[in-house]
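>>> show me the folded form of this:
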Amino acid sequence: MDNEFGDGTNMVARIYRPARTAMQSGKGNTREWLFLYEPEDPKTVEPLMGYTSSRDMRSQIRLSFETKELAIEYAERNGIPYRVEEQHIAGRPKVSYTDNFRYDRAQPWTH
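Residues are numbered from 1 along each chain as shown. Modelled structure (predicted):
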């Protein structure tokens, strides 16, 4: 069955909120929800020059939305199949410096 693009493929879009990179300490570029198409074809290496290329033009589309609901609404309005990846919020354990010197520690403190 052909989709609206007429090429017989149904590319699934991925809606997610990016996590911060290992080089980030702040929350920059992690507030918006991204809308990306999953790759349809694998990338190929051009034998003469060694360029990496792909015939998949939709993999270049990258849309950003303020909320997850806006991204879902866009996909449904345009009839695009999508998959939502929920945001994983990493919990940071509460650490106290004085806990290093407690007498009832699981492992004894050493120098």
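>>> from Leu36, how far out is the residue nearest to the spatial centre of the chain?
Centroid check for the chain by CA atoms, centre = their mean gives Pro18 as the closest residue, at 4.5 Å. Using CB to CB, to the nearest Å, Pro18 is found at 10 Å from Leu36. (Glycine included, C-beta is placed from N, CA and C.)
>>> what about the chain, any weak spots by pLDDT?
Across the chain, the ranges flagged by pLDDT under 70 are 1-10, 21, 24-29, 109-111.
>>> all helices for it, in order.
Using DSSP state H, the helices of the chain run over 68-77.
>>> neighbours around the residue nearest to Pro81 when sequence neighbours are not counted, how many?
Using CB to CB, 6 or more residues apart in numbering and skipping residues adjacent in sequence, the residue nearest Pro81 is Val12, 5.0 Å away. By other CB atoms under 10 Å, the residues close to Val12 number 12.
>>> ok, Val12 - contacts?
By CB atoms under 8 Å, 6 or more residues apart in numbering, the contact list for Val12 reads Tyr37, Glu38, Pro81, Tyr82, Arg83.
>>> switch the cut-off to 7 Å
Contacts for Val12 (CB atoms under 7 Å, 6 or more residues apart in numbering) come out as Glu38, Pro81, Tyr82, Arg83.
>>> how near is the third one to Ile61?
Applying CB to CB, one obtains 13 Å for the distance of Tyr82 from Ile61.
>>> between the two, who's got more neighbours?
Tyr82 (17 against 11).
>>> these two touch, right, the more buried one and Trp33?
No: with contact defined as CB atoms under 7 Å, Tyr82 does not count as touching Trp33 (11.3 Å).
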